[in-house]
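Asker: this one's sequence-less:
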């Protein structure tokens, strides 16, 4: 059974930084594309970033230059380094995994429980 467990969320001031982590178990992590999505209250789940099994990375336009996704296959962990945070980045952030990368949440079969990120001014 595949499990994804996120951590690292919290409260941060505008302009601050946070690093989210997602530890995977139950599958061959290195073969999977791993992505981050986020969902704010009253909004649809939104693509943030993805890293492929070959470590290619893709970002949503609004995150480029501020967010960095990375992976450590030896630790079965994917990270999301977030900087220059804005109030509109406030959301629950979810880790997701799939055999092939995509920006569509519907194509990911494995999800974590989410971690709350709150950016305050």
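Answerer: Nice, I can see it. Here the structure is a predicted model, which is why all the values come from computation and not from measurement.
Asker: make it CA atoms for all contacts and neighbour counts henceforth
Answerer: Fine.
Asker: rounded mean pLDDT for the helix or strand that contains residue 116, please.
Answerer: Residue 116 is part of strand 115-120 when elements are defined by DSSP states H and E. For strand 115-120, the mean pLDDT works out to 98.
Asker: residues in contact with it: which ones?
Answerer: 6-14, 85-94 (Cα atoms under 8 Å, 6 or more residues apart in numbering).
Asker: list buried residues within those residues.
Answerer: The neighbour count (16 or more other Cα atoms under 10 Å) marks 6-7, 9, 12, 14, 85-86, 89-94 as buried among the contacts of strand 115-120.
Asker: any chance of those residues in JSON lines, with secondary structure and pLDDT too?
Answerer: Below are these laid out as JSON lines (DSSP: H, G, I helix; E, B strand; the rest coil; pLDDT from 0 to 100):
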{"residue": "6", "secondary structure": "strand", "pLDDT": "97"}
{"residue": "7", "secondary structure": "strand", "pLDDT": "97"}
{"residue": "9", "secondary structure": "coil", "pLDDT": "97"}
{"residue": "12", "secondary structure": "strand", "pLDDT": "98"}
{"residue": "14", "secondary structure": "coil", "pLDDT": "97"}
{"residue": "85", "secondary structure": "coil", "pLDDT": "97"}
{"residue": "86", "secondary structure": "coil", "pLDDT": "96"}
{"residue": "89", "secondary structure": "helix", "pLDDT": "97"}
{"residue": "90", "secondary structure": "coil", "pLDDT": "97"}
{"residue": "91", "secondary structure": "strand", "pLDDT": "98"}
{"residue": "92", "secondary structure": "strand", "pLDDT": "98"}
{"residue": "93", "secondary structure": "strand", "pLDDT": "98"}
{"residue": "94", "secondary structure": "strand", "pLDDT": "98"}
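Asker: got a markdown table for those residues, with distance to residue 55 too?
Answerer: Below are the buried ones among the contacts of strand 115-120 laid out as a markdown table (distance: Cα to Cα, whole Å):
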| residue | distance to residue 55 |
| --- | --- |
| 6 | 20 |
| 7 | 21 |
| 9 | 23 |
| 12 | 28 |
| 14 | 29 |
| 85 | 24 |
| 86 | 27 |
| 89 | 24 |
| 90 | 27 |
| 91 | 25 |
| 92 | 24 |
| 93 | 20 |
| 94 | 19 |
